[in-house]
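*Asks:* what's the 3D shape of this:
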Amino acid sequence: MNAHDIAEISAWLTTQGIKGTDEMDIVNGFCQRARAAGMRLDRGLALIDTLHPVYEGRAFQWDSQEPVNTAFEYGPTNEGVSAENWERSAFHYMRENNKSEVRRRLGFGDPLDFFTLDTLLAAGHKDYIAMIHRFAKDSHIGDMDCFYSHWTTMDEGGFRDEDLSVLRQLVPVLALAIKSGSLTRISRTIAEVYLGEDAARQVLEGRISRGKAERISAVLWFSDLQNYTRISDNLPPDEIIPFLNDYADAVISSIHEAGGNVLKLIGDGTLAIFKAEEREDACTRALFAEQLLREKLKGLNEQRRQEGRPVTEVYLGLHIGDVFYGNIGSSDRLDFTVIGPAVNEVSRIASMCRFVDRSVIMSSQFVAAAPPPRNAEVVSIGRYALRGVKRAQELFTLMPLEAADA
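*Replies:* All right, here's what the predicted structure looks like:
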């Protein structure tokens, strides 16, 4: 590989990083170009940690013998078999010994002292080099503090000195391109985890100006847990968070699966919206989410009972109305949420569940816009004066058809 080839590959990596090209596509392109320019390269693996509630990082593997190469996420490396494998890896060795690279000439008698080296040798690989490119301390995001990579060849002579020289020149540029894409992914993940998918999209598109909000008509969902205060008062402190997480997962996953957006978690409470061009569609999604939730609660409560852990149910209020959706707060601390009288009303509607012993209560506006449910009957529970709401409202609940028939 000559200087012209190196410059071309470096320029290509820089362009892909600026464009925000998918990380796997960058790794594929880099390996293919290096090989086409004469490098004895048969496998490349790149790893970069991330900031995600489930995954520790992402890996990108290219293999000259495989027609398709894909990325995959990996979980925590500090427990179980994953921890054992990590501690046996070349990457762990380099971190612990403050090294930047390590080489093993697999086909020439070097020790197979790192994880997977025996597998690589059995597959025909003759030479192996692993590298770490560390980021500055003030640029760490979570555990994303460096870029890991390893490279192998099946050539009978192993890597040539010029191959290693080229890798040392180009892998840092590859690391920068991958880091660029990973930072974009992390930004999106953080925004979606803490703001919800729709609000995150709008914020990432630039809607972060204070006071910038739009008036929308939406179905509002407010739910909380039955007897949460009593249950939490009697739970050991280390059981409260797992208890909340179990039920929050059932609520949030049901909302997301039905096309809704969770805007706020308030203790044991959840505020969400369902948007659609037609009001009926938004109401249908909310009712579908309610149905999903009840099914999930059955399974969750059965599991927790078997484990001897406390169980509960979810109270839910459904309403529809006009709200302002956007940025509210100070110049340096904003919340992307909904405000308006309808938000107050839906929380008051949900609070009525405990007084009338119903798991779901709907406003008359919601019932008027919603299609008739297939597996339940909509039943009026009377008119009520809600705290903080000027006019009394007629409220409704869902009665399963078999119960209604009985």
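*Asks:* from here on, just use CA atoms for contacts and neighbour counts.
*Replies:* Will do.
*Asks:* wait, doesn't residue 44 sit right on residue 149?
*Replies:* Yes. Using CA atoms under 8 Å, residue 44 is in contact with residue 149, at 7.2 Å.
*Asks:* residue 159 in helix, strand or coil?
*Replies:* Following DSSP: H, G, I helix; E, B strand; the rest coil, we place residue 159 in the coil state.
*Asks:* which stretches in the stretch 201-350 of the chain count as helices?
*Replies:* 228-234, 237-257, 279-306, 341-351 (DSSP state H, counting those that start in this stretch).
*Asks:* winner for burial among those?
*Replies:* Compared across the helices of the stretch 201-350 of the chain, helix 341-351 shows the largest average neighbour count, a mean of 21 (mean count of other CA atoms under 10 Å).
*Asks:* and the helix or strand following that helix, what's buried?
*Replies:* Downstream of helix 341-351, the next assigned helix or strand under DSSP states H and E is helix 353-356. For helix 353-356, burial by neighbour count (16 or more other CA atoms under 10 Å) applies to residue 353.
*Asks:* dump the residue contacts of residue 64.
*Replies:* Residue 64 makes contacts with 41-43, as judged by CA atoms under 8 Å, 6 or more residues apart in numbering.
*Asks:* out of those, who's nearest residue 244?
*Replies:* residue 43 (44.8 Å; CA to CA).
*Asks:* wait, that closest one sits on residue 155?
*Replies:* No. If you go by CA under 8 Å, residue 43 and residue 155 don't touch, sitting 11.5 Å apart.
*Asks:* so those two - more neighbours on which side?
*Replies:* Neighbours per residue (other CA atoms under 10 Å) separate residue 43 from residue 155, with residue 43 holding more: 20 against 16.
*Asks:* before we move on, back to that, for residue 320, find the nearest of the helices of the stretch 201-350 of the chain.
*Replies:* The nearest among those, by CA to CA, is helix 341-351 at 7.2 Å.
*Asks:* who's in contact with that closest one?
*Replies:* Under CA under 8 Å, 6+ apart, the answer for helix 341-351 is 220-224, 315-323, 360-363, 386-389.
*Asks:* let's go with 6 Å and repeat that
*Replies:* 222, 316-317, 319, 321 (CA atoms under 6 Å, 6 or more residues apart in numbering).
*Asks:* for stretch 383-400, buried residues please.
*Replies:* Here stretch 383-400 shows 386, 393, 395-399 as buried, counting by 16+ other CA under 10 Å.
*Asks:* span of that stretch from start to end?
*Replies:* 21 Å (CA to CA, to the nearest Å).
*Asks:* adding distance to residue 128 and mean pLDDT, write the helices of the stretch 201-350 of the chain out as TSV.
*Replies:* Compiled in TSV, those are given as follows (distance: least, CA to CA, whole Å; pLDDT from 0 to 100):
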stretch	distance to residue 128	mean pLDDT
helix 228-234	55	89
helix 237-257	44	93
helix 279-306	48	94
helix 341-351	60	91
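*Asks:* using CSV, lay out these together with distance to residue 268.
*Replies:* Formatted as CSV, the helices of the stretch 201-350 of the chain follow (distance: least, CA to CA, whole Å):
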stretch, distance to residue 268
helix 228-234, 7
helix 237-257, 7
helix 279-306, 15
helix 341-351, 13
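*Asks:* all strands of this structure, in order?
*Replies:* Along the chain, counting by DSSP state E, strands occupy 43-49, 57-63, 71-74, 101-104, 127-134, 146-153, 213-225, 261-266, 269-274, 314-329, 334-339, 360-363, 376-384, 393-400.
*Asks:* paired strands for the fifth one, with orientation please.
*Replies:* Paired with strand 127-134 in the same sheet, following DSSP bridges, are strand 101-104 (antiparallel), strand 146-153 (antiparallel).
*Asks:* any idea which of those gets closest to residue 79?
*Replies:* Going by CA to CA, the one of those nearest residue 79 is strand 146-153, 20.0 Å.
*Asks:* can you list the residues that contact the closest one?
*Replies:* 40-48, 125-135.
*Asks:* how does it look with 7 Å?
*Replies:* 40-48, 125-135, 159, 175 (CA atoms under 7 Å, 6 or more residues apart in numbering).
*Asks:* so where's the stretch 1-150 of the chain shaky on pLDDT?
*Replies:* Scanning the stretch 1-150 of the chain for pLDDT under 70 picks out 139-140, 142.
*Asks:* er, the stretch 301-406 of the chain I mean
*Replies:* 401-406.
*Asks:* how about a cut-off of 50?
*Replies:* 404, 406 (pLDDT under 50).
*Asks:* circling back: for the strands of the chain, give me CSV that also has distance to residue 36.
*Replies:* As requested, the strands of the chain are exported to CSV (distance: least, CA to CA, whole Å):
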stretch, distance to residue 36
strand 43-49, 14
strand 57-63, 14
strand 71-74, 22
strand 101-104, 23
strand 127-134, 19
strand 146-153, 14
strand 213-225, 52
strand 261-266, 47
strand 269-274, 51
strand 314-329, 51
strand 334-339, 49
strand 360-363, 64
strand 376-384, 65
strand 393-400, 66
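*Asks:* the ones you listed: which one's closest to residue 243?
*Replies:* strand 213-225 (10.7 Å).
*Asks:* quick one: mean pLDDT over the closest one.
*Replies:* Averaged over strand 213-225, pLDDT sits at 90.
*Asks:* how about it as CSV, C-alpha atoms only?
*Replies:* Extracted in CSV, the C-alpha atoms of strand 213-225 (Å, rounded to 0.1, in the frame of the first residue of the first chain):
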residue,chain,number,x,y,z
ALA,A,213,-44.5,25.1,21.9
GLU,A,214,-47.3,24.1,19.6
ARG,A,215,-51.0,23.7,20.4
ILE,A,216,-52.1,20.1,19.6
SER,A,217,-55.1,17.9,20.3
ALA,A,218,-54.1,14.7,21.9
VAL,A,219,-55.3,11.8,24.0
LEU,A,220,-53.9,12.1,27.5
TRP,A,221,-53.0,9.1,29.6
PHE,A,222,-52.2,9.4,33.3
SER,A,223,-51.7,6.3,35.4
ASP,A,224,-50.4,5.5,38.9
LEU,A,225,-50.2,2.5,41.2
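*Asks:* strands paired with it, and their directions?
*Replies:* Here, using DSSP bridges, strand 213-225 pairs with strand 269-274 (antiparallel), strand 314-329 (antiparallel).
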